[in-house]
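K.L.:
Here is the input, now give the coordinates:
(one chain, ligands or ions: 1)
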Amino acid sequence: MCGIIGYIGSKNAVPLVINGLRNLEYRGYDSAGIAAVVDGKLIVKKDVGKLDEVFSKVDISNLKSNVAIGHTRWATHGKVTKENAHPHTDCKGEIAIVHNGIIENYQELKKELESKGHIFRSETDSEVIAHLIEEGMKTKNFVDAFNEMIKKIVGSYAIVAINKDGKEMIGARKDSPLVVGISEDGYFIASDVPSFLDETKKVIYLYDGDVVVVNKKIVIYHDGKPVERDIDSIEWDAEQAKKGVFKHFMLKEISEQADVIKRAIMQDDKIINEIANEIKKSKGVFFVGCGTAYHACLEGSYIFSKVANMHVNVTYAHEFPNYVHFLTPESLVIAVSQSGETADTLEAIRAAKAKGAKVISIVNVAGSTLVRESDKVLLQHAGPEICVLSTKSYTSQLAVLTLLAYSLAGRLEEGKSKLKELIRYIYYLTSRNTRDYIRKLAEKLKDVKDIYIIGRDLQYPTALEAALKIKEVSYIHAEGFAGGELKHGNIALIEEGTPCIVFTSKENEKEIISNAAELKARGAYIIGVGPRNNEVFDFFIKVREAEEANSIVQIIPIQILAYQLAILRGLDPDKPRNLAKSVTVK
Ligand code: M6R
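P.N.:
Alright, predicted model coming up:
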């Protein structure tokens, strides 16, 4: 779950790679580094810390080169130290590599290489890559040695390598994303498109097993043979992947939600109806996803039940192996994922395909692995989501699932107009007025230890998502429950002053208010979120009734609350500790 990028061409590669890393930092930010070829020598600069800290510590003023690679790390093997930061080099410092993924057989390979005299400097699995190439280059050229290395490693990888000759840059991928960017002056190989969007929108999405060699031209090999891959053009522009007037991506992305819903509605009806037909035809539907995407799946199951009178099974993608034996060629698996690169989700759909089941995906990132491996895809068109927290991708997934449910019920137009009606309101919900109002609550809650959140029916998944938002960005312990579960144990946690957020709706008002009263009777401080104020609330956030779209509107004030809690606690909301945007390792 790291970010990697390399550039080769006629421009100075160093600022391009550093700028690229800045755009990739959401993938990992515990250390960073760069390797460039200067006067036939490989120079490596790396250290621990976020990108700006690293490049204020290391001196890159004299680094000018036409080829460079860079890395921003999210540690898997080996602690966060300078030695473990990438790029890694061979014994002589003539080959440099950056890697995202996990080399499962690195211990055996390391032992073997050490017995041949190789000296390792880091605790990482990645370093074996550089030494394997070095070993191969005793008898072969750089490209052949790279290919031989690929045959020896087992696991998941996106790799970019250069050597001191600086003549070519080589990349390879397996189960980790890697794309090639084609600009007028050179080529990029990177984990993700936003890293080079400032320079080009022309990309090639590499396939698993591809090896790409770039010098003055690009050659892609698969199973040792040259292959042709399509050149795609990206619909996002560089501005969309930048913060603009916002201080943080999180706030920018929260504020984009009205437009995101608008874009979800502009989906091609034909695709929605086609997918709805697949759902109708199938015998047994599973929704799978992780984290926020799982919450969207769970919410989707309520929407399908309510709107289309249809039952779907929902499971975390990583728990899906427990259900795979139920699949037949008539089953349908619907995977939901912002990135389309989540390893657990990919593994779930591969298991489904192995059973002959159909796979449909709801994905934001076009060209992602999930898009390529699915039978049918519904793109979210939410635009790039850079903040580690999913905000706009969640509401966009809910909008798409709502449209599918309405299409299943034969009322797609009605579903569209229901969502359309919310757009102006969402502008208001994300406006400065709402933010100022919620700030008062954030100031009150900023030092609390725990926050509990309840919701019933469709708002139970909303409670889970609200808790995830608060805890991942503010590090305040937050837990979501179904309102009905309180008395089955959870109410024991309530003490004098414990903040509890209560999501309400017209439909379940009586029951959820009675749950709120039970909490209040134990001393809880009650924050109501819903269409109508009530005397039980100590603080009230009015959100208008939107029936099965309640979650889309009700989550927004809590996303804002989570953001403000992080700011008031002096935290960086875009880069929460220990997290990375896409979890491409298992
Ligand atoms: O890219 P995906 O939607 O597949 O990612 C799934 C989760 O890793 C993701 O939603 C994660 O839980 C977010 N950090 C939540 O804000």
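K.L.:
Look at stretch 175-195 and report the distance between its end residues.
P.N.:
19 Å (Cα to Cα, to the nearest Å).
K.L.:
whoops, stretch 226-233 was the one
P.N.:
22 Å.
K.L.:
buried residues in it?
P.N.:
Residues of stretch 226-233 classed as buried by neighbour count (16 or more other Cβ atoms under 10 Å): residue 229. The way it works is simple: take the backbone N, C-alpha and C, and place the C-beta from them, glycine included.
K.L.:
distance between it and the chain's centre?
P.N.:
Mean-position distance between stretch 226-233 and its chain equals 25 Å (Cα atoms, centre = their mean, to the nearest Å).
K.L.:
List of residues touching it?
P.N.:
182, 201-207, 210, 219-221, 366-367 (Cβ atoms under 8 Å, 6 or more residues apart in numbering).
K.L.:
Narrow these to those that are buried.
P.N.:
The buried subset of the contacts of stretch 226-233 (16+ other Cβ under 10 Å) comprises 182, 201, 203-206, 210, 220-221, 366-367.
K.L.:
picking that back up, nearest to residue 271, of the contacts of stretch 226-233?
P.N.:
Among those, residue 366 lies closest to residue 271 (Cβ to Cβ), at 13.3 Å.
K.L.:
domains for the protein, by residue range?
P.N.:
As given by automatic domain parsing, the domain ranges for the chain are 3-240, 243-430, 438-574.
K.L.:
With residue 580 as the reference, name the closest of those domains.
P.N.:
Going by Cβ to Cβ, the one of the domains of the chain nearest residue 580 is domain 3-240, 4.1 Å.
K.L.:
start to end distance for that closest one?
P.N.:
Start-to-end, domain 3-240 (Cα to Cα) is 19 Å.
K.L.:
which SS class is residue 251?
P.N.:
helix (DSSP: H, G, I helix; E, B strand; the rest coil).
K.L.:
where's it relative to residue 431, distance?
P.N.:
12 Å (Cβ to Cβ, to the nearest Å).
K.L.:
The two - which one has more neighbours?
P.N.:
Between residue 251 and residue 431, counted using other Cβ atoms under 10 Å, the more crowded position is residue 251 (23 against 13).
K.L.:
Please name the nearest non-neighbouring residue to that one.
P.N.:
Spatial nearest neighbour of residue 251, chain neighbours left out: residue 563 (5.8 Å); criterion: Cβ to Cβ, 6 or more residues apart in numbering.
K.L.:
Quick one: classify that neighbour as helix, strand or coil.
P.N.:
helix.
K.L.:
Quick one: residues contacting it.
P.N.:
248, 250-251, 254, 473, 573.
K.L.:
How about the residues of this protein by the ligand?
P.N.:
290-293, 337-339, 342, 345, 388-390, 468, 472, 582-583 (Cβ under 6 Å from any ligand atom).
K.L.:
Scan these and report the most crowded one.
P.N.:
Top of the residues of the chain next to the ligand by neighbour count (other Cβ under 10 Å): residue 337, with 34 neighbours.
K.L.:
Was I right to think that one contacts residue 291?
P.N.:
No. The pair residue 337 / residue 291 is not scored as a contact, 9.5 Å apart, by Cβ atoms under 8 Å.
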